[in-house]
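Peer 1: compute the structure for the input listed below.
(one chain, ligands or ions: 1)
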Amino acid sequence: MKKVCIFALMLLAGFSQAQTIVQKDSQIQAMLDQVSDKNIEALVRKLVSFQTRHTLSDTLSTKTGIGAARNWIKLELEKYALASGGRLQVRFDAFTQAPDGRRVTSPTVLKNVLAVLPGTDPMDTRVFIVSGHYDSRASDVMDAKIFAPGANDDASGTAVAMELARVMSTQKFNATLIFVAMVGEEQGLYGATNLAKRAKEEKWNVAGMITNDIVGNSYGIETDLKDNRSVRIFSEGVSPVETTAQAALRGNIGSENDGGARQFARYLKEVGERYVDQLDVKLIFRKDRYLRGGDHTPFSQQGFSAIRITEMNENFTRQHQNVRKENGIEYGDTPDFVDYAYTQKVARMNLSALANLALAPQEPQQVRVLTSELTNKTTLKWQAPQGEKPAGYFVLMRETSNSLWERKFYVNTTEINLNYSKDNYFFGVQSVDAEGHESLVVLPTPGR
Ligand SMILES: [Zn+2]
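Peer 2: Residues are numbered from 1 along each chain as shown. As a prediction, this is how the structure comes out:
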């Protein structure tokens, strides 16, 4: 089985661009089959049943408000932890948010809910975070009492993270996965800001962070577009904490379209479309939509590769609105308007890419393009990562004017010589194991 997979992957290098071999791993496929639209719907409806999950809402009631909601999320994740044989570790990430003079009026204890699935390879330090935000709001961002169902924004994303925790925690991965229900997004990205800072301070090796925010609507009202195939991934090209030396290197090699977030986004598209039928992943090369923000941004501000997943067509009569009917239009973010089969596809896209990454060896190290002499060829060299040894490596190539990788070369050495000029193409290298699980792509830096 293993040999057949690699053979198929090796063939890929010799094929023209028009031909594609789709190679699915049975372990990942089995997990995808378990992702259930019925479960996702039940999770969304349960979250809506708390009436409001406003960050400043009641914490004492057992039936309504953010306190009841976060306790229920924790209990639900603990059920999955039990089914995982205790490997999934569930806890609150609690902190006191100081008043900001804007959307938080007094010191408030906020709680993210985390479910951590530790990696099984002690030499593999990678952490992948997948999240949605469980807080909600209505028209007035400060109204902590009014009905604020937040079914699509963002019970849908929270349900994706929870459903992945349920399915993935029964499996073993090299890398660590953290499933998060984030708090305080609507008040100023406070939950994500706190968690990102903590990740930085505690030196977590966050190799990729995903926020699923607004991933359940397939109908855009003004444009009258029904689209249950397309989903957007927002990614920035250049890290906001790039150093002067990194900026100089970027200027020299022209890598403004190849920052960590963008590599991560490309990876999600390639693997997501490999595993999920009838899905078009649209890479949006900017960090977010106009006038809006999301939980990926605090992570990118700490230097992590963080991206946002959002439906293709947003319905603004449903987001951040009091539930009401006005001039025949139904406003409000209620669960009947969520397309659960669509959210299931988004969940499967998340799962396929995260599983493929977490099962893969780590990225190759010290990836260099040799620039010691003038030549019309290219030599790349790198070193094997720590932990699980790759079966081989894919060397990826594309025109500098194109955004997606176009050719793949397979080698089982740590060097390649190509009859293409390094001056005219972008190259990248990724580790791959015998089953075809690929690591993230590393861009070479000039070296000798
Ligand atoms: Zn949101």
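Peer 1: is residue 172 in a helix, a strand, or coil?
Peer 2: coil (DSSP: H, G, I helix; E, B strand; the rest coil).
Peer 1: check what pLDDT it gets.
Peer 2: Looking at residue 172, its pLDDT reads 97.
Peer 1: all helices of the stretch 101-250 of the chain, in order?
Peer 2: Assigned by DSSP state H, counting those that start in this stretch, the stretch 101-250 of the chain shows helices spanning 156-168, 185-188, 190-201, 244-253.
Peer 1: which residue is the nearest non-sequential neighbour of the spatially most central residue of the chain?
Peer 2: Nearest residue to the geometric centre of the chain (CA atoms, centre = their mean): residue 210, 2.6 Å. Nearest residue to residue 210, sequence neighbours excluded (CB to CB, 6 or more residues apart in numbering): residue 130, at 4.8 Å. To be clear about C-beta, it is placed using only N, CA and C from the backbone, and glycine gets the same treatment.
Peer 1: picking up where we left off before, of all the helices of the stretch 101-250 of the chain, which one comes closest to the ion?
Peer 2: helix 185-188 (5.5 Å; CB to the ion).
Peer 1: what's the average pLDDT for the closest one?
Peer 2: 96.
Peer 1: now do stretch 433-448
Peer 2: Mean predicted confidence for stretch 433-448 is 96.
Peer 1: enumerate the positions of it that are buried.
Peer 2: Residues 433, 435-444 are the ones in stretch 433-448 that count as buried (16 or more other CB atoms under 10 Å).
Peer 1: now it: how far from the chain's centre is it?
Peer 2: Relative to its chain's centre, stretch 433-448 lies at 19 Å (CA atoms, centre = their mean, to the nearest Å).
Peer 1: ok, now stretch 241-251?
Peer 2: When C-alpha coordinates are averaged (CA atoms, centre = their mean), stretch 241-251 and its chain have centres 25 Å apart.
Peer 1: contacting residues around it?
Peer 2: 238-239, 255-256, 301-303, 445 (CB atoms under 8 Å, 6 or more residues apart in numbering).
Peer 1: one step back: most packed of the helices of the stretch 101-250 of the chain?
Peer 2: helix 156-168 (a mean of 28; mean count of other CB atoms under 10 Å).
Peer 1: and that one, what does it pack onto?
Peer 2: The contact analysis (3 or more CB pairs under 8 Å, 6 or more residues apart in numbering; DSSP states H and E) places helix 156-168 against helix 26-34, helix 37-48, helix 66-83, strand 108-117, strand 126-133, strand 176-182, strand 205-212, helix 340-359.
Peer 1: out of the ones you listed, the one nearest the ion is which?
Peer 2: Comparing these under CB to the ion, the one sitting nearest is strand 126-133, at 5.6 Å.
Peer 1: and that closest one, which strands flank it?
Peer 2: strand 176-182 (parallel), strand 205-212 (parallel) (DSSP bridges).
Peer 1: got these as a markdown table, with distance to residue 374 and mean pLDDT columns?
Peer 2: Formatted as a markdown table, those follow (distance: least, CB to CB, whole Å; pLDDT from 0 to 100):
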| stretch | distance to residue 374 | mean pLDDT |
| --- | --- | --- |
| strand 176-182 | 44 | 98 |
| strand 205-212 | 36 | 98 |
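Peer 1: CSV please, covering those strands and showing distance to the ion.
Peer 2: Shown next, in CSV, are the strands paired with strand 126-133 (distance: least, CB to the ion, whole Å):
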stretch, distance to the ion
strand 176-182, 10
strand 205-212, 8
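Peer 1: what about the closest residue in space to residue 332 that isn't next to it in sequence, how many residues nearby?
Peer 2: The shortest distance from residue 332 to any residue other than its chain neighbours is 3.1 Å, reached at residue 323 (CB to CB, 6+ apart). Using other CB atoms under 10 Å, the number of residues around residue 323 comes to 16.
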